[in-house]
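1. model this:
(2 chains)
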Protein chains: 2
Amino acid sequence: MNYQQLVTQIKQKKTFLCIGLDSDPDKIPACLHAFADPVLEFNKRIIHATQDLCVAYKPNAAFYESRGIPGLQCLIDTYKHIPKDCLSIIDAKRGDIGNTSDQYAKGFFNEAASGMGFDAITITPYMGHDSITPYLQYEGKWVIILALTSSAGSRDYQYLETNDGLLYEAVIKKANTLAGTDRLMYVVGATKSEEFTRVRKVAPDNFLLVPGVGAQGGSLEEVCRYGMTKDCGLLVNASRSVIYASNGEDFAGAARAEALKLQQQMEEELSKAGVI
Amino acid sequence: MNYQQLVTQIKQKKTFLCIGLDSDPDKIPACLHAFADPVLEFNKRIIHATQDLCVAYKPNAAFYESRGIPGLQCLIDTYKHIPKDCLSIIDAKRGDIGNTSDQYAKGFFNEAASGMGFDAITITPYMGHDSITPYLQYEGKWVIILALTSSAGSRDYQYLETNDGLLYEAVIKKANTLAGTDRLMYVVGATKSEEFTRVRKVAPDNFLLVPGVGAQGGSLEEVCRYGMTKDCGLLVNASRSVIYASNGEDFAGAARAEALKLQQQMEEELSKAGVI
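-> As a prediction, the model looks like this:
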């Protein structure tokens, strides 16, 4: 899915919601436990209930890798159930030297090799451009680089003042020399809306993947005020607040209700900003 | 394997070699292609031929994940073939928020959950302490944090001057507040021997995992001059130069010959420094 197709989906569906499939076997409803793969069944029903309300799904690799072979099979099957009109993002936060990044790219982008052909991958930038460029060989696929994250640990290094601005600004500036807004997005944590202004100075037009709205308490309105572009330029992620909205048999309906609330707020923001 | 056990292995075997199992199906000898899992057969023979000459094996997860389910099965089986008197390191370079790091820790440290119970994992520090502490819950396991890497991209961010020293120094200083030398190691690239002095100022006693000797041209002698501690304090990794020493039927013997050369140099360095 390229830049223009993503913008078209956002305008048609009136939403820029990304749903994080951080599906933990210990947290999914008991009514699914009898299925051969309860997590896959959970993901299928969550996707079925929410696919008209979001433009992206983002499984986090860790929640699948923790279960060994059955977990990886579940991730592969989940990938196959993500509708083609939604951006499929693997939240893998990989980052390694060039010949190793080639292998990760194959693992997540090359369906013939691994069973998975995601549209986008999250990348950690510590090792520099070697960690990014191998993924760009896959035409039309996206690299989403960690810039400013929303967890407590983000304070440890990302805000260090460097000789090229704050570390997260330096990350964006250098990465932007590697590819354009049609290939690179950045992760920017929504609990720090005041930072969006700084980010938009160095990444005025890139899409930003924004975690931390919902369970982590970020304000959607503030994110939009400081982060939205003329093409929207935002994918706002919600994971736990949507997928675990209910622990009962009504879990899919409850997830839909939560996603609908977010979609309605997003529609309002898109309209306010003149995107739709 | 704890700190003292590792030091004992180094002194007994007179080596601090780590062999990187970055085993690429496209690069292993043709004579193995008829095996059900050629990469596993390759790894088993490499391990069998070298286990008295090294103290650690380090499969890089990417080379297995790129092949989907068969690749993960190969990684699990390879883990099981690493001898118990060698430190088993999964080179995964993971880094995520706390609840996600919990899942990665389960995936690589909890054998009952995933099939793998490695002794140590490599971690990328960009997201801060959340990326590190979950692994420390597993008593006796090691976290090996990327500090200064040896690839071209390391120049992009790791050498940025920050308000807490160069970025890689800041990484080490903050991480060292989380655990001691019995739990934390650092990755320090061997192509930059002059930097070992800086690293040893902030990590005087931690073990350092040193890539880049061999194929990447680092000098073992220089690494030892600036990096060795009274307990050795070094694990020097060689991957391609050992495992791909020959592409013929003699590949295991050729790998052994390369490993032996390194072991003999290491014995000399250990003796010179008075460790043995």
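2. surely A:I28 meets A:D37?
-> No. Applying Cβ atoms under 8 Å as the test, A:I28 and A:D37 come out as separate, 10.8 Å apart. C-beta coordinates here come from the backbone N, C-alpha and C atoms, glycine included.
3. Show me which of those two is the more surrounded one.
-> Just comparing A:I28 and A:D37: by other Cβ atoms under 10 Å in any protein chain shown the higher neighbour count belongs to A:I28, 22 against 18.
4. quick one, what contacts that one?
-> By Cβ atoms under 8 Å, 6 or more residues apart in numbering or on different chains, the contact set of A:I28 is A:P38, A:V39, A:F42, A:F251.
5. Output the helix or strand where the second one lies in PDB with nothing but the alpha carbons.
-> When elements are defined using DSSP states H and E, A:V39 is found to belong to helix A:38-50. These are the backbone C-alpha positions of helix A:38-50, laid out as PDB (Å, rounded to 0.1, in the frame of the first residue of the first chain):
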ATOM      1  CA  PRO A  38      -7.300 -19.400  20.600                       C
ATOM      2  CA  VAL A  39      -5.100 -16.400  19.800                       C
ATOM      3  CA  LEU A  40      -5.700 -16.800  16.000                       C
ATOM      4  CA  GLU A  41      -9.500 -17.100  16.600                       C
ATOM      5  CA  PHE A  42      -9.300 -14.000  18.800                       C
ATOM      6  CA  ASN A  43      -7.400 -12.000  16.100                       C
ATOM      7  CA  LYS A  44      -9.800 -13.100  13.300                       C
ATOM      8  CA  ARG A  45     -12.800 -12.000  15.300                       C
ATOM      9  CA  ILE A  46     -11.200  -8.700  16.300                       C
ATOM     10  CA  ILE A  47     -10.300  -8.000  12.700                       C
ATOM     11  CA  HIS A  48     -13.700  -9.000  11.400                       C
ATOM     12  CA  ALA A  49     -15.400  -6.700  14.000                       C
ATOM     13  CA  THR A  50     -13.200  -3.600  13.300                       C
END
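6. Okay, now the unreliable bits of the stretch 151-276 of chain A?
-> Counting by pLDDT under 70, the stretch 151-276 of chain A contains low-confidence residues at A:190-192, A:214-218.
7. buried ones in stretch A:264-276?
-> Using 16 or more other Cβ atoms under 10 Å in any protein chain shown as the burial criterion, the residues of stretch A:264-276 that qualify are A:Q265, A:M266, A:E269, A:L270, A:V275.
8. whoops, I mixed them up, stretch A:3-13
-> So stretch A:3-13, judged by 16+ other Cβ under 10 Å, has buried residues A:Y3, A:L6, A:V7, A:Q9, A:I10, A:K11, A:K13.
9. Would you state the strands of chain A in chain order?
-> Read by DSSP state E, chain A holds these strands, from start to end of the chain: A:17-21, A:56-59, A:87-94, A:120-123, A:142-148, A:161-162, A:165-166, A:184-188, A:208-210, A:234-238.
10. closest one to B:D52 among those?
-> With Cβ to Cβ as the criterion, B:D52 lies closest to strand A:87-94 of those, at 33.9 Å.
11. what pLDDT, on average, does that closest one get?
-> Regarding strand A:87-94, the rounded mean pLDDT is 98.
12. Is any residue of it near chain B?
-> Yes. For a cut-off given as Cβ under 8 Å from any Cβ of the partner chain, strand A:87-94 has contacts with chain B, namely A:K93, A:R94.
13. go on, stretch A:239-248?
-> No. No part of stretch A:239-248 sits near chain B under the criterion Cβ under 8 Å from any Cβ; the closest distance found is 8.9 Å.
14. chain center to that stretch: distance?
-> The chain centroid and the centroid of stretch A:239-248 are separated by 17 Å, computed with Cα atoms, centre = their mean, to the nearest Å.
15. gap between the two ends of that stretch?
-> With Cα to Cα, to the nearest Å as the measure, stretch A:239-248 spans 17 Å from end to end.
16. Just the buried residues of it, please?
-> Buried residues in stretch A:239-248, counted by 16+ other Cβ under 10 Å: A:S239, A:S241, A:V242, A:I243, A:Y244, A:A245.
17. and which of the residues you listed is nearest chain B?
-> A:S239 (9.9 Å; Cβ to the nearest Cβ).
18. from what I can see the closest one touches A:S23, true?
-> No. With the criterion set as Cβ under 8 Å, A:S239 and A:S23 do not qualify as a contacting pair; they are 9.1 Å apart.
19. before we move on, back to that, kindly reformat the strands of chain A as JSON lines containing mean neighbour count.
-> Below are the strands of chain A laid out as JSON lines (neighbours: other Cβ atoms under 10 Å in any protein chain shown):
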{"stretch": "strand A:17-21", "mean neighbour count": "25"}
{"stretch": "strand A:56-59", "mean neighbour count": "26"}
{"stretch": "strand A:87-94", "mean neighbour count": "26"}
{"stretch": "strand A:120-123", "mean neighbour count": "26"}
{"stretch": "strand A:142-148", "mean neighbour count": "26"}
{"stretch": "strand A:161-162", "mean neighbour count": "18"}
{"stretch": "strand A:165-166", "mean neighbour count": "18"}
{"stretch": "strand A:184-188", "mean neighbour count": "25"}
{"stretch": "strand A:208-210", "mean neighbour count": "27"}
{"stretch": "strand A:234-238", "mean neighbour count": "27"}
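20. If anything else comes up later, I'll come back, but that's it for now.
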